[in-house]
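J.: Below is the sequence, then the predicted model.
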Number of protein chains: 2
Amino acid sequence: MPIKHRRQAPTQSDVARLAGVSQATVSAVVNGRAEGHRIPADTERRVREAVRELGYVANPAARSLKSKRNRLIGVHTFESVFPISSRDFYHEFLIGVEEQAVAEGHDLVLFTSTEDPDGKRQLYRDGINRLNVADGSVLLGVTHKPSDLARLAAEGYPFVHVGRRDVPGAEIAWVGADYRSGTEALVASLAGLGHRRVAYLGTSHRMEAQIDREDGYLAGCASMGIPPMPVFMKVQDLTPEWFDVTLAGGVTAFLAGAEAQADRIAELARARGLAVPSDVSVAVLVGTVGGPEVGRSWSALGIPRNDMGRAAVRLLVEMLTEPDIARDDQVLLPCTQPDHSTIAEAAR
Amino acid sequence: MPIKHRRQAPTQSDVARLAGVSQATVSAVVNGRAEGHRIPADTERRVREAVRELGYVANPAARSLKSKRNRLIGVHTFESVFPISSRDFYHEFLIGVEEQAVAEGHDLVLFTSTEDPDGKRQLYRDGINRLNVADGSVLLGVTHKPSDLARLAAEGYPFVHVGRRDVPGAEIAWVGADYRSGTEALVASLAGLGHRRVAYLGTSHRMEAQIDREDGYLAGCASMGIPPMPVFMKVQDLTPEWFDVTLAGGVTAFLAGAEAQADRIAELARARGLAVPSDVSVAVLVGTVGGPEVGRSWSALGIPRNDMGRAAVRLLVEMLTEPDIARDDQVLLPCTQPDHSTIAEAAR
DNA sequence: ATACGTTGCTGATACGAAACAGCAAGGAGC
DNA sequence: GCTCCTTGCTGTTTCGTATCAGCAACGTAT
């Protein structure tokens, strides 16, 4: 095999020598600051000619060493990146991140080297923040160490979290989905379809997102004048007896916090000879891929994943380019309302 | 919103001050040259402690300005990265790339900024090779500008192409699948199952991979003493009449260069009341997801995608760390032989 | 006592681009 | 003849890291 030798690229000094000017002049010309540096048109022409003749291109390393910007945006997921297929939760976020990075002229650095033995990724390993190689980072997923986020914020490292995340003692930037308004609007829309009793199936996780959905449900019920009926039961406790009692109470629609609960409702309804959605309406609050039967997917509140990814990058780049201006660094994006796949008018 | 001040990332000088040594000593320690610089274990420990305490990470710009190494590996695909879902062709390659990058302690830089208006990605834009921020790159996919590869090689930029790619006038490094041996072995295995006439359905593309498969087919036929029967026809020209003539000629097995051809054979066989694989065996030479009927996928030559991704990174890192040693920089990895889903013993 | 070797560092410099201060030459105004 | 301004640059420093030459202190050999 041939021994490859990396050709030494021409520098501004090479150009300067050829054009008979100083390196500083070349820098001014190639950066379009000829005006500000009072370089006459003739000198500029000579420099540009030399640039062309030598095929000069700026060394990105030197440029970013001076400007303190690498045009590199880190992407840290708390799971492995590539194995995430399109049906996975984070995939669509990543698409948005990539698209916006392209639009902003930045490249993405995938943080893989912080992989720990469990396959989880942590921000700090041996106390070292590898994220520093990027100008700033977008964080995806749920960390099992929220304190790392606080530490990162305290260090002043610029990052944006995708998904609302409240960390005690630190105000971190995030881009989240407005589950509260989305759920509230969904309740209103169900009420508009004639449903007077809408049950809410909560989950045991009490994370930000779940709390928002619950708040939205309660607000929706309040504004439509229907009684809130939140249920916090494990899927296996949703028995036929419970179902009968619930229906007897006048419930005609169910809001499921997780897909498993919706599946269970479908099962219970089928056992009672009831059809979805003509007899009972069911909506899922987190976007999924399943449904009550083949060819029919759950009506689900849509998370604007792509937009969230894009917004996160946009916010991050703004934070990087104008660190000192006041800015709303916590962004809520509206959810899209579900289609009417498993939602229908209330049976009379 | 609070005004955030980006704390300057700590430098080697900061670490040096804390550890009570010189910047040069810090450099030696963090680069693992403690031995060569005769740094005693105790001093090294102190430095490492300071590194941890400050969260020091080398500035990639400064590092590459000086030494041309960032521990950053570029990944350039000629299509968008994240939208590629797991069933897509490149996904498994990327997994391999990521896994090996983790293993080698490198991070991945996704090159997105070279996106041109058509959505194709090109290596050069405005004559600037952005790949330079990474130490070297893995290239995936097929470029519409092979000349860029030659230019990249001529510049001495270290890169490894995934998939065999012969560029006139340049010897580029690649990691490919050994379609030739794989196809040859497949023919031999079919012969072993009693097939005395194996038809080869070629494609009109005459790329490296297709040529290799064809060569392997011919070699397999030759070594097994069966007559080669290559067919280069469009799918729509594979008529029932052609099928009848082919069967009458004693053909009992088909090798399809593309899945569409296999599908067509299945259709023709069904029309004649023949079953796959009990009456005719069919194998596909490029890995796909379909099959002759639901629940049965085509027997397909397996491309070791994960291995190829890993091998590409391994080769690249070797090229980077030891640029001057002789090395085989064109690697062929064996294909896996198909299962017996649509291959069976020849009908007598 | 002198020469020499080893240990454990440090100081200086280079990499390429950008920013800034400043200086020489020439002309205008008094 | 002197000051002051403008034009057209140049010189120098800076960014953070890596490398190399070298130096002080100490030990050992003669």
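T.: Everything's here; your move.
J.: Residue numbers of chain A in contact with DNA strand D?
T.: Within chain A, the positions near DNA strand D by CB under 7 Å from any atom of the strand are A:20-25, A:28, A:37-40, A:42-43, A:62, A:65-66, A:68. Placement of C-beta: from N, CA and C, glycine included.
J.: try 10 Å this time
T.: Applying CB under 10 Å from any atom of the strand, we find that chain A lies next to DNA strand D at A:12-13, A:16, A:19-29, A:34, A:36-44, A:46-47, A:61-68, A:132-133.
J.: Could you identify the buried members of these?
T.: Buried by 16 or more other CB atoms under 10 Å in any protein chain shown: A:12, A:16, A:19, A:21, A:25-29, A:34, A:39, A:43-44, A:46-47, A:61, A:64-65, A:132-133, out of the residues of chain A next to DNA strand D.
J.: Restricted to strands, list those residues.
T.: Assignment to strands by DSSP state E places none of these there.
J.: Keep only those of those residues that are also close to chain B.
T.: Filtering those for proximity to chain B by CB under 8 Å from any CB of the partner chain leaves A:61, A:64-65, A:132-133.
J.: Could you find which two of those are furthest from each other?
T.: Greatest spatial distance among those (CB to CB): A:Ala61 and A:Asn132, at 15.9 Å.
J.: Start and end of stretch A:217-237, how far apart?
T.: 22 Å (CA to CA, to the nearest Å).
J.: For chain A, which segments count as strands?
T.: Here chain A has its strands, by DSSP E, at A:72-77, A:107-110, A:124-125, A:128-129, A:136-140, A:159-162, A:173-178, A:198-201, A:229-231, A:253-256, A:281-284, A:299-300, A:330-334.
J.: want to try JSON lines for those, with mean pLDDT as columns?
T.: Below are these laid out as JSON lines (pLDDT from 0 to 100):
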{"stretch": "strand A:72-77", "mean pLDDT": "87"}
{"stretch": "strand A:107-110", "mean pLDDT": "85"}
{"stretch": "strand A:124-125", "mean pLDDT": "58"}
{"stretch": "strand A:128-129", "mean pLDDT": "58"}
{"stretch": "strand A:136-140", "mean pLDDT": "90"}
{"stretch": "strand A:159-162", "mean pLDDT": "93"}
{"stretch": "strand A:173-178", "mean pLDDT": "94"}
{"stretch": "strand A:198-201", "mean pLDDT": "95"}
{"stretch": "strand A:229-231", "mean pLDDT": "90"}
{"stretch": "strand A:253-256", "mean pLDDT": "95"}
{"stretch": "strand A:281-284", "mean pLDDT": "94"}
{"stretch": "strand A:299-300", "mean pLDDT": "92"}
{"stretch": "strand A:330-334", "mean pLDDT": "95"}
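J.: Check what pLDDT A:Asp118 gets.
T.: Here the pLDDT value assigned to A:Asp118 is 59.
J.: actually A:Ser85, sorry about that
T.: 42.
J.: A:Phe82 too?
T.: Looking at A:Phe82, its pLDDT stands at 50.
J.: In helices, which of the residues of chain A next to DNA strand D appear?
T.: Among the residues of chain A next to DNA strand D, DSSP state H puts A:12-13, A:16, A:19, A:23-29, A:41-44, A:46-47, A:61-67 in helices.
J.: Which positions in stretch A:157-176 come out as buried?
T.: Neighbour counts over stretch A:157-176 (16+ other CB under 10 Å) mark A:157-165, A:167, A:172-176 as buried.
J.: hang on, I meant stretch A:174-193
T.: A:174-191, A:193.
J.: Look up how far DNA strand C lies from the closest residue to A:Val51 other than its chain neighbours.
T.: Closest residue in space to A:Val51, ignoring its immediate chain neighbours: A:Val15 at 5.5 Å, by CB to CB, 6 or more residues apart in numbering or on different chains. Distance, A:Val15 to DNA strand C, by CB to the nearest atom of the strand, to the nearest Å: 8 Å.
J.: about what we covered before: so can I have JSON lines of the strands of chain A showing distance to B:Pro146?
T.: As requested, these are exported to JSON lines (distance: least, CB to CB, whole Å):
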{"stretch": "strand A:72-77", "distance to B:Pro146": "28"}
{"stretch": "strand A:107-110", "distance to B:Pro146": "24"}
{"stretch": "strand A:124-125", "distance to B:Pro146": "41"}
{"stretch": "strand A:128-129", "distance to B:Pro146": "41"}
{"stretch": "strand A:136-140", "distance to B:Pro146": "34"}
{"stretch": "strand A:159-162", "distance to B:Pro146": "38"}
{"stretch": "strand A:173-178", "distance to B:Pro146": "41"}
{"stretch": "strand A:198-201", "distance to B:Pro146": "57"}
{"stretch": "strand A:229-231", "distance to B:Pro146": "62"}
{"stretch": "strand A:253-256", "distance to B:Pro146": "53"}
{"stretch": "strand A:281-284", "distance to B:Pro146": "49"}
{"stretch": "strand A:299-300", "distance to B:Pro146": "46"}
{"stretch": "strand A:330-334", "distance to B:Pro146": "42"}
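J.: Out of those strands, flag the one nearest DNA strand C.
T.: Nearest of these to DNA strand C, taken as CB to the nearest atom of the strand: strand A:72-77 at 16.5 Å.
J.: Is the closest one in proximity to DNA strand C?
T.: No: using CB under 10 Å from any atom of the strand, strand A:72-77 stays clear of DNA strand C, with a minimum separation of 16.5 Å.
J.: Quick check: phi and psi at A:Val294.
T.: Backbone torsions of A:Val294, given as degrees, to the nearest 10, read phi -60, psi 140.
J.: What score does the closest residue to A:Pro168 other than its chain neighbours have for pLDDT?
T.: Using CB to CB, 6+ apart and skipping residues adjacent in sequence, the residue nearest A:Pro168 is A:Ala150, 7.5 Å away. For A:Ala150, the model assigns a pLDDT of 85.
J.: which residues touch A:Ala150?
T.: By CB atoms under 8 Å, 6 or more residues apart in numbering or on different chains, the contact list for A:Ala150 reads A:167-170, A:172.
J.: Any idea how far stretch A:61-78 is from the middle of the chain?
T.: Here stretch A:61-78 is found 20 Å from its chain centre; the criterion is CA atoms, centre = their mean, to the nearest Å.
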